[in-house]
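**Q** Okay, here's the prediction I keep looking at, along with the sequence it came from:
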Amino acid sequence: MTKELAAATHFSAADLHDRLKGCRIVKDAAYKDLTVEHLLCQASRASLVSKSFRREVYFLDAPVGKFFLKISPLSHKKDRRRFLMLPWRIGTEWRNLYRLEKKSVAAPKRVFFGYKGRYPCRGFFLVTEDVGGTGIDCRNPGHMFRLADYLAVLHAKGVYHRDLHPGNILIDRSGQPVLLDAQEVYFFPWLPHGLRLRNLGRLWRYIHFLYSSTVDLDAFLAVYNSGWKTAVAAADVMAFAVRFQEQYYASRAKRCFKNSSEFKVVKNGRGIKGFERRDFQWGKDDLQAALSHGEYIKDEKLIAYGDVCIKIHDKRFFHKNRCLKCWQMARALAVRGVNGPKALAYYAAGGCAYFLMVYYRDSIKLNAYLSALYDQGQRRAAIRRLADWVRTCHDLNIWQRDFKSSNVLVLAEQFMMVDLEGVRLCRRLSWRRRVFNLAQLNASVSHALTIKDRLRFFYFYCRGRLPSVKKRRKAYQRIWRIAQKKNTLPFGLDLERLSL
């Protein structure tokens with residue numbers, strides 16, 4: 001059994017029977033004597049494995065065997081409209097499983113297919129056999145090499161899966177990979193080199209960025225290319241993987257401007273407009289109470305009210321909306337896994353814009369945190385964590401226009417970027433911009449850090465990037481020259497009087 005099945009919740013088979021009443025049923029020839037009613041009545045266990053607004057998956061344990069039931073309710077207008085225009089799409093997976101079987105590709109055995117209505121379709125379902133086994137472990141070299149060989153077989157037979165990822169492939173009881181989801185499968189007489197690259201790039205994007213596999217791409221492709229005359233280059237696959245990852249970031253980041261499972265659009269009815277989280281809802285009266293009774297943190301542009309921090313910006317012509325920028329960047333950082341203030345809402349009312357975020361009362365500024373570290377071991381560990389965090393931000397092409405120590409907070413030994421209006425997402429962050437950010441941080445960080453500590457920070461940041469001492473010395477000299485031109489007095493720092 002898979003991990004998902006072990007964590008499944010039990011469900012009533014009678015309820016499933018009622019939901020499938022009135023469906024037109026199509027059977028596979030191997031199960032012509034079996035009916036849906038008999039299968040559901042004889043099932044000793046019916047478990048809900050996964051559920052979303054597009055598909056529900058149930059596991060059925062019956063005397064005749066173990067099966068999976070996939071129900072697509074078509075509850076959204078968008079889905080109903082799509083299947084109204086493309087009615088043959090409801091039976092795509094049913095037909096693809098048959099074609100995979102004809103091509104001798106390991107896939108679940110189909111059992112039943114049913115649908116309600118035709119024009120328009122009001123929902124459909126699919127029943128397949130349980131192949132058993134476990135999910136793919138991306139840290140297991142044996143699983144990865146079997147996956148590479150299986151993918152080579154798929155491509156050799158002209159099979160292309162548009163949404164190929166480790167979650168759609170299972171290792172069965174015999175140790176062989178099995179393709180689970182056949183909805184997005186397409187068949188070609190021969191597979192072009194470009195489609196092979198896209199398939200490998202999409203798969204490696206999951207393996208490298210999400211599952212952090214320990215298997216090297218060159219070793220993975222060595223198994224895949226063994227039966228091909230035209231080999232696939234690792235650099236091309238990685239380029240596609242990075243492109244798909246950037247598309248994923250952009251797609252997830254834009255959800256804060258739409259009605260989604262996590263966010264919603266605020267229009268009329270409460271006196272304000274904007275965007276907010278679904279678990280957070282304020283009206284105009286709540287906002288006015290916060291502005292009247294809140295505690296000013298920074299001038300009159302930042303107010304704390306309970307556990308909520310409010311940033312205010314007066315909207316003017318030819319001025320960028322700083323609060324809207326903060327709302328956008330907070331979501332972009334969260335998608336990329338970079339710590340930042342949790343965004344709650346963006347509101348616009350009365351000629352002003354408001355950005356609402358969580359107020360972290362226990363957080364302290366970076367300088368106060370570093371100045372309190374008197375133990376040399378603790379300070380060295382903190383410097384290493386800070387260098388790794390800054391490098392992670394830069395590797396994700398995140399650039400802070402005003403990257404000073406007062407714009408970095410520390411909470412539970414985790415660093416957090418604030419003042420999000422100065423954050424920029426670059427297509428490719430240049431070394432020049434990296435150096436400028438490092439110089440800004442060097443010119444504003446605590447006086448408690450000695451020259452040796454600052455050199456240690458730069459060494460940890462450049463680890464593996466500038467291996468030679470000569471290159472590191474040249475780069476740090478450039479950082480130091482830029483830092484000397486900065487005004488360091490507001491931070492109580494004099495670069496000329498730093499101790500060694």
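**A** Received the coordinates, thanks.

**Q** So which residues of the stretch 251-400 of the chain form helices?
**A** Counting by DSSP state H, counting those that start in this stretch, the stretch 251-400 of the chain has these helices, from start to end: 284-293, 322-335, 366-371, 376-395.

**Q** could you check the angle helix 322-335 makes with the last one?
**A** Between the axis of helix 376-395 and that of helix 322-335 there is an angle of 110 degrees, by axes from the mean of the first three to the mean of the last three CA atoms, to 10 degrees.

**Q** Give me the mean pLDDT for helix 376-395.
**A** Per-residue pLDDT over helix 376-395 has a mean of 92.

**Q** same for it, what does it pack against?
**A** Here helix 376-395 touches helix 366-371, strand 414-417, helix 431-442, helix 451-461, going by 3 or more CB pairs under 8 Å, 6 or more residues apart in numbering; DSSP states H and E. For glycine as for every other residue, the C-beta is placed from the backbone atoms N, C-alpha and C.

**Q** hang on, residue 252 packs against residue 336?
**A** No - taking CB atoms under 8 Å as the contact criterion, residue 252 and residue 336 are not neighbours in contact, 9.2 Å apart.

**Q** re earlier: what's the closest of the helices of the stretch 251-400 of the chain to residue 310?
**A** With CB to CB as the criterion, residue 310 lies closest to helix 284-293 of the helices of the stretch 251-400 of the chain, at 5.9 Å.

**Q** list the buried ones in the closest one?
**A** For helix 284-293, the buried set under the neighbour-count rule, 16 or more other CB atoms under 10 Å, comprises 286, 287, 290.

**Q** okay but the last one is in contact with residue 310, surely?
**A** The reference is to residue 290. Yes - here residue 290 lies in contact with residue 310, judged by CB under 8 Å, at a distance of 5.9 Å.

**Q** Quick check: which ranges of this structure have low pLDDT?
**A** Scanning the chain with the threshold set as pLDDT under 70 gives 1-13, 118-120, 268-270, 466-467, 497-500.

**Q** Pick the most deeply packed of the helices of the stretch 251-400 of the chain.
**A** Mean neighbour count, computed with mean count of other CB atoms under 10 Å, is highest for helix 322-335 among the helices of the stretch 251-400 of the chain, reaching a mean of 22.

**Q** so what does that helix touch, helix or strand wise?
**A** Packed against helix 322-335 by the contact rule (3+ CB pairs under 8 Å, 6+ apart) you find helix 234-253, strand 308-314, strand 343-349, strand 352-358, strand 423-425.

**Q** Let me have the helices and strands packed on helix 376-395 in a markdown table, extended by distance to residue 57.
**A** Supplementary listing: these in a markdown table, determined by distance: least, CB to CB, whole Å:
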| stretch | distance to residue 57 |
| --- | --- |
| helix 366-371 | 47 |
| strand 414-417 | 36 |
| helix 431-442 | 46 |
| helix 451-461 | 45 |
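
**Q** gap between stretch 337-357 and the chain center?
**A** Distance of stretch 337-357 from the chain centroid (CA atoms, centre = their mean, to the nearest Å) equals 21 Å.

**Q** Kindly check the end-to-end length of it for me.
**A** One end of stretch 337-357 sits 17 Å from the other (CA to CA, to the nearest Å).

**Q** how about it: buried residues?
**A** 338-341, 343-348, 353-357.

**Q** ok, so of these, who is nearest residue 211?
**A** Top of the list for closeness to residue 211, among those and by CB to CB, is residue 338 at 19.4 Å.

**Q** Render the CA-only coordinates of stretch 168-186 in PDB, please.
**A** Taking Å, rounded to 0.1, in the frame of the first residue of the first chain, the C-alpha atoms of stretch 168-186 are listed here in PDB:
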ATOM      1  CA  ASN A 168       2.200   9.700 -11.400                       C
ATOM      2  CA  ILE A 169       4.500   6.700 -11.400                       C
ATOM      3  CA  LEU A 170       4.500   3.700  -8.900                       C
ATOM      4  CA  ILE A 171       6.900   0.900  -8.300                       C
ATOM      5  CA  ASP A 172       4.800  -2.300  -8.300                       C
ATOM      6  CA  ARG A 173       5.400  -5.500  -6.400                       C
ATOM      7  CA  SER A 174       7.800  -6.800  -9.000                       C
ATOM      8  CA  GLY A 175      10.000  -3.700  -8.800                       C
ATOM      9  CA  GLN A 176       8.900  -2.200 -12.100                       C
ATOM     10  CA  PRO A 177       7.600   1.300 -12.700                       C
ATOM     11  CA  VAL A 178       3.900   1.700 -13.600                       C
ATOM     12  CA  LEU A 179       2.300   4.800 -15.100                       C
ATOM     13  CA  LEU A 180      -0.800   5.700 -12.900                       C
ATOM     14  CA  ASP A 181      -2.400   8.800 -14.500                       C
ATOM     15  CA  ALA A 182      -3.100   8.400 -18.200                       C
ATOM     16  CA  GLN A 183      -5.200  11.400 -18.700                       C
ATOM     17  CA  GLU A 184      -2.400  13.500 -20.300                       C
ATOM     18  CA  VAL A 185      -0.900  10.800 -22.400                       C
ATOM     19  CA  TYR A 186      -0.400  11.300 -26.100                       C
END
